[in-house]
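K.L.:
sequence and predicted structure below; questions after.
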Amino acid sequence: MMEFSERRVLVTGGTRGIGRAAVEGFLAAGASVAVNGRTPESVARAIGELGAGDRLVAAPGDTASAAGCRAVVEAAVAGLGGLDVLVNNAGSGGGGPVGDLEEALWDRVVDTNLKGTFFCTKYALPALRERGGAVVNIASVRAVMGAAGASIYCASKGGVVAMTKAMAIEFAPAIRVNALLPGAIDTDMLQALAVRMAGEVEKGYAMMSAGTPLGRVARRQEMADAILYLASPRSTYITGAALLADGGMAAGSTNLDQKAS
């Protein structure tokens, strides 16, 4: 079903991981897509691999600054001839015990995850308002669940959810704004973490998903499907939502003693 035919989409952080899966999903649904990555080289490589011809536009740049966000959005709008959907996916991780963390890490994580989402949306607003549009902000299950060593990351993603709700009110009814809160997703970054945890990916993934209701790490395509849903005509009465796509992690653990009363 080509439900995004003649729709124009910008995906930040679109060269790898969830962002890359979202780009592939939008292309399969008929959209024209601007692909963002930090460097022109990474974007050119991704566009070459995707092979969708003139339905792909390069929008390289670092979204951790307002100026970078403006340049990325302007390149996307110019290349696509407008904008109907913005997916704020570019993100940064990192952490450790609070007592060990420095200001530089705070700045990198918060600037990328929170400032970047805000300013990409700000600069996309005029184009999105022309025909009405949708914004999908990629947060995290860590926006609603704490984790030791993840204080800065949790703060940044919690801010994304709160900001999504405020923007949904401000931009209504022309523009819908929603957030997706992924859990553990099979990406290069998570594979590296799994190896550090357990020596190999499969064992690390088993540790991460132990006790969660669905009992597994998600496929990237599952997140892309959720992003496309929130951006599509199938969700026209949904705005200000924070959609959990976490395999039930936030619902609680299945490892509790469930003796019959």
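P.N.:
In hand now; what should we look at?
K.L.:
ok, which stretches of the chain are helices?
P.N.:
Per DSSP state H, the chain carries helices over the ranges 17-28, 40-50, 66-80, 103-110, 116-131, 151-171, 188-198, 201-209, 220-231.
K.L.:
okay, the angle between the last one and helix 17-28?
P.N.:
Put simply, helix 220-231 runs at 60 degrees to helix 17-28, going by axes from the mean of the first three to the mean of the last three CA atoms, to 10 degrees.
K.L.:
next: the third one.
P.N.:
Between helix 66-80 and helix 17-28, the angle comes out at 20 degrees (the same axes, to 10 degrees).
K.L.:
quick one on the thing from earlier: now for the helices of the chain, which one comes closest to Asn88?
P.N.:
Closest to Asn88 of the helices of the chain, according to CB to CB: helix 116-131, at 4.3 Å. Using the backbone N, CA and C atoms, a C-beta is placed for each residue, glycine as well.
K.L.:
about what we covered before: out of the helices of the chain, which gets nearest to Ser140?
P.N.:
Among those, helix 151-171 sits nearest to Ser140 (CB to CB), with 4.2 Å.
K.L.:
please identify the buried residues of the closest one?
P.N.:
151-161, 163-165, 167-168, 171 (16 or more other CB atoms under 10 Å).
K.L.:
quick one: that helix to chain centroid distance?
P.N.:
In terms of CA atoms, centre = their mean, to the nearest Å, the centre of helix 151-171 is set 13 Å apart from its chain centre.
K.L.:
for that helix, give me every contacting residue.
P.N.:
88, 93-95, 98, 101, 105-106, 109-110, 112-114, 117-118, 121, 125, 135, 137-140, 142-147, 176-179, 181, 239-240, 242 (CB atoms under 8 Å, 6 or more residues apart in numbering).
K.L.:
helices and strands around the helix or strand of the chain with the lowest mean pLDDT, which ones?
P.N.:
Lowest mean confidence among the helices and strands of the chain (mean pLDDT, DSSP states H and E): helix 188-198, at a mean of 88. Using 3 or more CB pairs under 8 Å, 6 or more residues apart in numbering; DSSP states H and E, the elements in contact with helix 188-198 are helix 201-209.
K.L.:
tell me, how many residues neighbour Arg234?
P.N.:
Arg234: 11 surrounding residues under other CB atoms under 10 Å.
K.L.:
without its sequence neighbours, what residue ends up closest to it?
P.N.:
Counting by CB to CB, 6 or more residues apart in numbering, Glu3 is the residue found nearest to Arg234 once chain neighbours are left out, at 7.8 Å.
K.L.:
distance of that neighbour relative to Val11?
P.N.:
The spacing between Glu3 and Val11, counted by CB to CB, to the nearest Å, is 17 Å.
K.L.:
for those two, indicate the residue with more neighbours.
P.N.:
Val11 (33 against 13).
K.L.:
thought that one was touching Ala34?
P.N.:
Yes - at 7.3 Å, Val11 and Ala34 qualify as touching, with contact defined as CB atoms under 8 Å.
K.L.:
need phi/psi at the closest residue to Val23 other than its chain neighbours.
P.N.:
Of all residues not flanking Val23 in the chain, Gly14 sits nearest, at 4.6 Å (CB to CB, 6+ apart). Per-residue torsions, Gly14: phi -90, psi 10 (degrees, to the nearest 10).
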